[in-house]
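1. model the following, please.
(chains A and B)
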Number of protein chains: 2
Amino acid sequence: MNALGRHIIVELYDCKPSLLDDVTYVQNAMQNAAQQAGATIINLTFHHFSPYGVSGVVVIQESHLAIHTWPEWGFASIDLFTCGESTDPWKCYRVLKDAFLASHGSTIEMRRGQLELLKKNDYKPSSLLQNRNSITQKTNEKPIFRAENQHQEINTISKEIWFTERDENLALSLKHKGDLLFKKQSSFQKVEVFDTFAFGKALVLDGLVVATEKDEAAYHEMLVHPAFTFYTNSHSKPKKILIIGGGDGGTAREVLRYDCVEKVIMIEQDKIVTEAAKAHFEGLASALENPKLELVFSEANHFFDTYSDKHSKFDIIIVDAADTTHEPILDKIFFQKIYNLLADNGILATQCDAPRWHQEHFVSIINSLKETFLFAQNNKTVLPYLSSVASLPTGMWGFACASKNQENLINNQEKHTENSIILNEEDLSYYNEEIQKAAFCLPNFIKKILK
Amino acid sequence: MNALGRHIIVELYDCKPSLLDDVTYVQNAMQNAAQQAGATIINLTFHHFSPYGVSGVVVIQESHLAIHTWPEWGFASIDLFTCGESTDPWKCYRVLKDAFLASHGSTIEMRRGQLELLKKNDYKPSSLLQNRNSITQKTNEKPIFRAENQHQEINTISKEIWFTERDENLALSLKHKGDLLFKKQSSFQKVEVFDTFAFGKALVLDGLVVATEKDEAAYHEMLVHPAFTFYTNSHSKPKKILIIGGGDGGTAREVLRYDCVEKVIMIEQDKIVTEAAKAHFEGLASALENPKLELVFSEANHFFDTYSDKHSKFDIIIVDAADTTHEPILDKIFFQKIYNLLADNGILATQCDAPRWHQEHFVSIINSLKETFLFAQNNKTVLPYLSSVASLPTGMWGFACASKNQENLINNQEKHTENSIILNEEDLSYYNEEIQKAAFCLPNFIKKILK
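-> Numbering: from 1, shown residues only, chains lettered A, B, ... in the order given. Take a look at the predicted model:
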């Protein structure tokens, strides 16, 4: 190719209007077109206009794809701009023409940056001209983030690639190192691993960050240790533990810090999640090979139905699963099944989503717990609490402990020395004795939404 | 125009290579070109390639502008795609040709979506076909966010417009309602007000969100009330208060909740910030007209130098100012000046940036405080603490109280009833008596970085 880039200008006619107006569909079609053409996606930005119409751009390593749709005219205007030999814009064209059910299209191919019109200069960016000292000096300004860059060869072509987790009003974007470390579509979800600059490796399920190396502890330690502390303060040591979800291994790792634990059953529906964790998160997955752990790949309800009558009950049950769809999983029926599996002095700990982001999930989970664990004269057997998880949008995550025996959670905030030796706080990155009390102190606005 | 869009295809030759390789410069040039052409910017995405080259797209309400640069060829390939009559892509062309000092350029103008080739259909999005009931049902799923949409006419053309606050590795984006409510360039910074869906109106200084309607309380209450509680628990009531910064009025509002306060001096350098607050943040700015408040528009150091010798000292000093540049403001010299202005039993409260985002700022501010307020045998006169502020990246914000008299902060965590009546917790949205203790309980990783 005697040019820097190829630009295919496409007009698609008589498309199906409803497809042109579906921003998710348009985004998926464009993403698919880029992938089919062998392009590496750097960034996506799509916007739906009210009452109708979509604009979107896919920035690829090899330039960009852009689309603007007019559903009322059945018309889409598309630009496919690629550089290099490895990406074929004509593949994008065919994918998109099919995707929008266009009856016909017009195309023009233009060569952009024709080499016979250009003259190469000897440009070098100033960063390559700086001596080692000045680079070191600059590095010192942001020691945590830059440190990870030092391994990069400054001369290699690298990307600014961002992963974005978003809902309709808020988005958190993390820059990562470009290569997708892991990507598999399981029967349940898309499982991906990125290496982000701010938080290290990130495990991403269907576009939602569920754990990052740098601050997964703020989630996993806080999901596990408050319940264990309550239990050990009021009873003997917990021996039999059930984990629902938790396929990345972080929750099992925290549970298995306690030597008193004899048996952990973990019910994870998605084998691919544990596979990704074992391959890329040594710190998370270490417990997955522990002989005390019985890892069952099954749907939680199937486990509840087959297990309940035959075996002894659990001292502590931990729910490390999320409501990511519009159908709530963590509802009253679900918690009633857990209630039935808990020993008389048993404690449940569950994640409860983000109160500032998915307030309705948070409130609904707490309310389902209260209905299940309520005592006639006192509903303090459900205690909501919080942790700060910086890599998740809004940074504030909700949890709750619930107990069949109200004495477990009340009057037991003080630590009893005879049991406290079972956890060495030095090894933990978030939880400590003070946090055990502090996490249960709720800001006024949380108290208000829970009333 | 007998087409839906105009597309100007531009090739710029013999540009200045260093300009083509400066991602910030390229972004500013493209943004400027869009603005000069009268376009409304929806989203910007720019990427710098290593070792050189920039790709970027400006998504505008009227379609998009895209650029790809090859500094080593002095070449830029630009697409200017606009719809409607109000935006002139040729203006963009002229702005960009000048910006990159191109010796010459080639252009082609194409009409996209020629009307003679199109046929209008009767498309209506399904949202317009639904009856009132089903809309209400959908609204109930996300009560907090959707409620604000209800004022919008569903038939008006509205945008999906996002504001993004970012550093090099992390970005938080908030969707807003499109119109910039306030925009002025002061001598110090760009002052803007957006109306976001997730957090209500947002005050933005030089691209950084400093306060949003929905969770400014998590910042302002936590900056003010811990220090007041310490003071009232160990002494009589504080009377004379100094606020450094705080131009939006939120800090003054919290201070003036205390009837015992007789005089507040507030030193804000930027009058435009208070102007924006008065115009758009009733809840923040209410205290700015309070007769007990003396608002001085001045640089803090100028105030320190002229004030110190002539007047009585302050019971409580509150620093509501940020280190947003690479030069630290909140350093030892700064805190020494504050130390000199504090009464013998005086307490300082300061914001300390985000420990998970700007760890080096957080640690440096705490260390400067410790050097200033250190006692030989005991350094507990500086107490760092945390609040969850969801609209700020990572959601975790750092603060500290420091005292000249170590008795103030130690042994005074318990509330004394005779003083506690001065604050009605019912009116607060974050702070309460439990939070007073909990905020000072730090996760292990914070303790570690402060060691």
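
2. confidence score at residue A:378?
-> Looking at residue A:378, its pLDDT stands at 64.

3. how about the strands in the stretch 201-350 of chain A?
-> Using DSSP state E, counting those that start in this stretch, the strands of the stretch 201-350 of chain A run over A:208-212, A:240-245, A:263-268, A:293-297, A:314-320, A:342-351.

4. just checking, what packs against the second one?
-> Okay, so that is strand A:240-245. helix A:250-255, strand A:263-268, strand A:314-320 (3 or more CB pairs under 8 Å, 6 or more residues apart in numbering or on different chains; DSSP states H and E). Every C-beta, even on glycine, is put in place using the N, C-alpha and C of the backbone.

5. tell me the residue of the stretch 351-451 of chain A that sits nearest chain B?
-> For the stretch 351-451 of chain A, the residue closest to chain B is residue A:395, as judged by CB to the nearest CB, at 1.8 Å.

6. for that residue, which non-adjacent residue is closest in space?
-> residue B:395 (1.8 Å; CB to CB, 6 or more residues apart in numbering or on different chains).

7. what do you get for residue A:362?
-> Nearest non-adjacent residue to residue A:362 (CB to CB, 6+ apart): residue A:355, at 4.3 Å.

8. follow-up on the earlier one: ok, which of the strands of the stretch 201-350 of chain A comes nearest residue B:245?
-> Distance to residue B:245, taken as CB to CB, is lowest for strand A:208-212 among the strands of the stretch 201-350 of chain A, at 32.8 Å.

9. what does that closest one contact?
-> Outside strand A:208-212, the residues that touch it by CB atoms under 8 Å, 6 or more residues apart in numbering or on different chains are A:163, A:165, A:172, A:174, A:196, A:199-204, A:219-220, A:248, A:250, A:281, A:284, A:322, A:324, A:391-392.

10. if you set the cut-off to 7 Å instead, what comes out?
-> A:165, A:196, A:199-203, A:219, A:248, A:250, A:284, A:324, A:391-392 (CB atoms under 7 Å, 6 or more residues apart in numbering or on different chains).

11. and those residues, which is the shakiest by pLDDT?
-> residue A:324 (68).

12. confirm for me that the residue of the stretch 351-451 of chain A closest to chain B is in contact with residue B:394.
-> Yes - here residue A:395 reaches residue B:394: they are 5.1 Å apart, a contact under CB atoms under 7 Å.

13. who's more crowded, the two?
-> Per other CB atoms under 10 Å in any protein chain shown, whichever of residue A:395 and residue B:394 has more neighbours is residue A:395, with 30 against 25.

14. OK, contacts around the more buried one?
-> So residue A:395 contacts A:388-389, B:388, B:390, B:394-396 (CB under 7 Å, 6+ apart).

15. where's stretch A:32-52 relative to the chain centroid, distance-wise?
-> Distance of stretch A:32-52 from its chain centroid, counting by CA atoms, centre = their mean, to the nearest Å, is 21 Å.

16. distance of residue A:227 relative to chain B?
-> 18 Å (CB to the nearest CB, to the nearest Å).

17. picking that back up, look at the residue nearest to residue A:362 and report its pLDDT.
-> 94.

18. taking the contacts of strand A:208-212, tell me the two that lie furthest apart.
-> Among the contacts of strand A:208-212, A:200 and A:324 lie farthest apart (CB to CB), at 22.7 Å.

19. which stretches of the stretch 51-200 of chain A have low pLDDT?
-> By pLDDT under 70, the weakly predicted segments of the stretch 51-200 of chain A are A:51, A:125-164, A:166, A:178-179.

20. strands of that one, start to end?
-> Using DSSP E, counting those that start in this stretch, strands in the stretch 51-200 of chain A cover A:54-60, A:63-70, A:75-83, A:104-114, A:161-166, A:170-176, A:182-185, A:190-196, A:200-205.

21. I'd like those as JSON lines, with mean neighbour count appended.
-> Supplementary listing: the strands of the stretch 51-200 of chain A in JSON lines, determined by neighbours: other CB atoms under 10 Å in any protein chain shown:
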{"stretch": "strand A:54-60", "mean neighbour count": "26"}
{"stretch": "strand A:63-70", "mean neighbour count": "26"}
{"stretch": "strand A:75-83", "mean neighbour count": "26"}
{"stretch": "strand A:104-114", "mean neighbour count": "15"}
{"stretch": "strand A:161-166", "mean neighbour count": "18"}
{"stretch": "strand A:170-176", "mean neighbour count": "22"}
{"stretch": "strand A:182-185", "mean neighbour count": "14"}
{"stretch": "strand A:190-196", "mean neighbour count": "21"}
{"stretch": "strand A:200-205", "mean neighbour count": "23"}
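
22. CSV please, covering those and showing distance to residue B:210.
-> Output for the strands of the stretch 51-200 of chain A, formatted as CSV (distance: least, CB to CB, whole Å):
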stretch, distance to residue B:210
strand A:54-60, 29
strand A:63-70, 33
strand A:75-83, 38
strand A:104-114, 42
strand A:161-166, 22
strand A:170-176, 17
strand A:182-185, 38
strand A:190-196, 26
strand A:200-205, 28
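
23. quick one: closest of the ones you listed to residue A:430.
-> strand A:200-205 (15.4 Å).

24. which strands or helices does that closest one pack on?
-> With contacts taken as 3 or more CB pairs under 7 Å, 6 or more residues apart in numbering or on different chains; DSSP states H and E, strand A:200-205 sits against strand A:190-196, strand A:208-212, helix A:271-280.

25. relative to helix A:271-280, how tilted is that strand?
-> Using axes from the mean of the first three to the mean of the last three CA atoms, to 10 degrees, the direction of strand A:200-205 lies 170 degrees away from that of helix A:271-280.

26. how about the contacts made by residue A:339?
-> A:372-373, A:404.

27. among these, which lie within helices?
-> If you go by DSSP state H, the contacts of residue A:339 have A:372-373 in helices.

28. out of the contacts of residue A:339, which one has the lowest pLDDT?
-> Out of the contacts of residue A:339, that is residue A:404, at 85.

29. pretty sure it sits against residue A:342.
-> Yes - between residue A:404 and residue A:342 there is a contact under CB under 7 Å: 5.5 Å.

30. look up how far chain B lies from residue A:119.
-> Residue A:119 is 7 Å from chain B, by CB to the nearest CB.

31. who's in contact with that residue?
-> Contacts here follow CB under 7 Å, 6+ apart; on that basis residue A:119 touches nothing.

32. please redo it, this time with the cut-off set to 10 Å
-> Residue A:119 makes contacts with B:13-14, B:73-75, as judged by CB atoms under 10 Å, 6 or more residues apart in numbering or on different chains.

33. most surrounded residue in those residues?
-> Top of the contacts of residue A:119 by neighbour count (other CB under 10 Å): residue B:75, with 29 neighbours.

34. which element is residue A:28 on?
-> Residue A:28 belongs to helix A:23-36 when assigned by DSSP states H and E.

35. using PDB, write out every CA atom in stretch A:217-224.
-> Extracted as PDB, the C-alpha positions of stretch A:217-224 are listed here (Å, rounded to 0.1, in the frame of the first residue of the first chain):
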ATOM      1  CA  ALA A 217      -8.300  -7.200  49.800                       C
ATOM      2  CA  ALA A 218     -10.500  -4.300  50.700                       C
ATOM      3  CA  TYR A 219     -13.400  -6.400  49.400                       C
ATOM      4  CA  HIS A 220     -12.400 -10.000  50.400                       C
ATOM      5  CA  GLU A 221     -11.100  -9.300  53.900                       C
ATOM      6  CA  MET A 222     -14.100  -7.200  54.700                       C
ATOM      7  CA  LEU A 223     -16.500  -9.800  53.400                       C
ATOM      8  CA  VAL A 224     -14.900 -12.500  55.600                       C
END
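
36. no further questions, thank you.
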